[in-house]
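Trainee: sequence? don't have it. structure:
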């Protein structure tokens, strides 16, 4: 496993003071070699997401998955195929009693995150908890406070913070070379009902928890939570106001949560961050667009576009003009042999090298490093805390059909927020 | 290398080399003039070197084409 320098170099990123300022959590990759050290981890919640995380964890030579926990036997058995020697539990409390474990990875539905996380901290374990932290804002705050009191490592499943495209893009934005951010526009559109087959109707709410209001905030916690944090990260500010509209259109018979959401978050400097998502049309896919004075960034595509396209070189322009003058008088068919002058804005890639994955692998590697070195990376918990709170606030605005101000009681000391004493 | 007689004489090789260098020189001058006329950055003197080389090749091939035309015209006139 590489150290930090190798890690960043592999990702094709330019290492510099600016990069660490943009993403201070990268500092988790210690300069000290940790290649021969191992952390012992348990996975609580071995459904599809848990199994995906495990598929990455098993490839990390610094991680040993010692235990698994799930109340749904088929998921537990499937996960056991990845780590046949792991101990299995149905009750996570018994798992937490295991003194051998350094940390846990929690991939249960969000309604269980708060209880398991807080108990894990109480048991002296480091925690990686999938997003969203919870579906209730007060629980999110209680989880954050538990982390702060525990002295343990706390990671949340927000992989964009470790995605090289995003790190490089945000570093470019923070450089100021592209002008001030004017607007942020995000969307995530899919055409899927989210419904999974269940062996018995009695298990529907357990397995299809995403579809019901008691256990999910739908598009906001499942998708928006990933993206809203990026806007905050880019602007280095937390929006204090949100309005929104949610509706159930195409999937009204299949679920309780919205299948169509639209929110506008307002930052103190007037910049708006709009968020839209639907479950019944996938044409526009997923994108985060950050519009600056001099350029526009599309982070999912990994590209940016200058507002003013630089003209072709003087020599190309000269040859073009000469060709036009020479051949305009002669009726010849066929296309020009001279390269076209720029007429389309195709943009430029944010990263020279193509990267694989979406940052989840790097995020898990960072978690392992943090557990081994007992060092919580700077700001990552706070960024993730607000990612969840913002998506829940947006949901509240849609439910109450009004402009909602960010409540003082949920503010922590971070960026433009101050904790209420 | 260019003075040794092979299939083409050393003198001809030097002549062709000079012609190509002349074409390259003309291309560079055109590049500089284009930079001034179209007000593009002066760093194009080296960033557009690839285009300059291509243009030099084209100009050199044009000199070959012109000389071939002159040669065959002279040949036809002589035969007549």
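Mentor: Received it, and whenever you're ready, just let me know what you need. Remember, it's a predicted structure, so these values are computed and weren't measured experimentally.

Trainee: pLDDT weak spots in chain B?
Mentor: Chain B contains residues with pLDDT under 70 at B:1-5.

Trainee: Can you pull the residues of it lying near chain A?
Mentor: By C-beta under 8 Å from any C-beta of the partner chain, the residues of chain B that approach chain A are B:30-31, B:33-40, B:44, B:47-48, B:51-52, B:55. Heads up, the C-betas are built off the backbone N, CA and C, glycines and all.

Trainee: hmm, try it at 10 Å
Mentor: By the rule C-beta under 10 Å from any C-beta of the partner chain, the part of chain B lying against chain A is B:27-28, B:30-45, B:47-48, B:51-52, B:55, B:58.

Trainee: The longest helix along chain A: how far from the chain's middle?
Mentor: Ranked by residue count, the top helix of chain A under DSSP state H comes out as helix A:380-400. Offset of helix A:380-400 from its chain centre (C-alpha atoms, centre = their mean, to the nearest Å): 13 Å.

Trainee: tell me the mean pLDDT over stretch A:371-380?
Mentor: Per-region confidence: stretch A:371-380 scores 94 on mean pLDDT.

Trainee: Show me which residues of that stretch are buried.
Mentor: A:371, A:372, A:373, A:376, A:377, A:379, A:380 (16 or more other C-beta atoms under 10 Å in any protein chain shown).

Trainee: doesn't residue A:135 make contact with residue A:110?
Mentor: Yes: using C-beta atoms under 10 Å, residue A:110 is in contact with residue A:135, at 5.3 Å.

Trainee: count of neighbours near residue A:194?
Mentor: 19 (other C-beta atoms under 10 Å in any protein chain shown).

Trainee: how about it, what does it touch?
Mentor: By C-beta atoms under 10 Å, 6 or more residues apart in numbering or on different chains, residue A:194 lies in contact with A:208-211, A:216, A:218-219, A:222, A:251, A:254-255, A:257, A:259, A:279.

Trainee: In space, what's closest to residue 23 - neighbours in sequence excluded?
Mentor: Since no chain was named, I'll use chain A. Excluding its sequence neighbours, the residue lying closest to residue A:23 (C-beta to C-beta, 6 or more residues apart in numbering or on different chains) is residue A:167, at 4.9 Å.

Trainee: Correction: the question concerned chain B.
Mentor: residue B:59 (3.9 Å).

Trainee: In terms of helices and strands, where is that neighbour?
Mentor: helix B:49-79 (DSSP states H and E).

Trainee: Run through the residues that contact the closest residue to residue B:38 other than its chain neighbours.
Mentor: Nearest residue to residue B:38 in three dimensions, chain neighbours excluded: residue A:314, at 3.9 Å (C-beta to C-beta, 6+ apart). Contacts for residue A:314 (C-beta under 10 Å, 6+ apart) come out as B:30-42, B:44-45, B:48.

Trainee: from those, which ones fall inside helices?
Mentor: Using DSSP H, the contacts of residue A:314 in helices are B:30, B:31, B:32, B:33, B:34, B:35, B:36, B:37, B:38, B:44, B:45.

Trainee: and the two most separated of the buried residues of stretch A:371-380?
Mentor: A:372 and A:379 (19.9 Å; C-beta to C-beta).

Trainee: Please tell me how far stretch A:62-76 is from the chain's geometric centre.
Mentor: For stretch A:62-76, the distance to the chain centre is 24 Å (C-alpha atoms, centre = their mean).

Trainee: distance between the ends of that stretch?
Mentor: 23 Å (C-alpha to C-alpha, to the nearest Å).

Trainee: cool, stretch A:348-363 as well?
Mentor: Stretch A:348-363 end-to-end distance (C-alpha to C-alpha) = 26 Å.

Trainee: Next, count neighbours for residue 62.
Mentor: No chain specified, so I'll use chain A. 18.

Trainee: The chain in question should be chain B.
Mentor: 11.

Trainee: Could I get the contacting residues of it?
Mentor: residue B:23.

Trainee: do the one 10 residues further on as well
Mentor: When the contact criterion is C-beta under 10 Å, 6+ apart, residue B:72 has no partners at all.

Trainee: Report the separation between it and residue B:66.
Mentor: The spacing between residue B:72 and residue B:66, counted by C-beta to C-beta, to the nearest Å, is 11 Å.

Trainee: next one: residue A:410
Mentor: 81 Å.

Trainee: the more surrounded of the two?
Mentor: Neighbours per residue (other C-beta under 10 Å) separate residue A:410 from residue B:66, with residue A:410 holding more: 19 against 10.

Trainee: tell me the secondary structure for residue A:161?
Mentor: Following DSSP: H, G, I helix; E, B strand; the rest coil, we place residue A:161 in the helix state.
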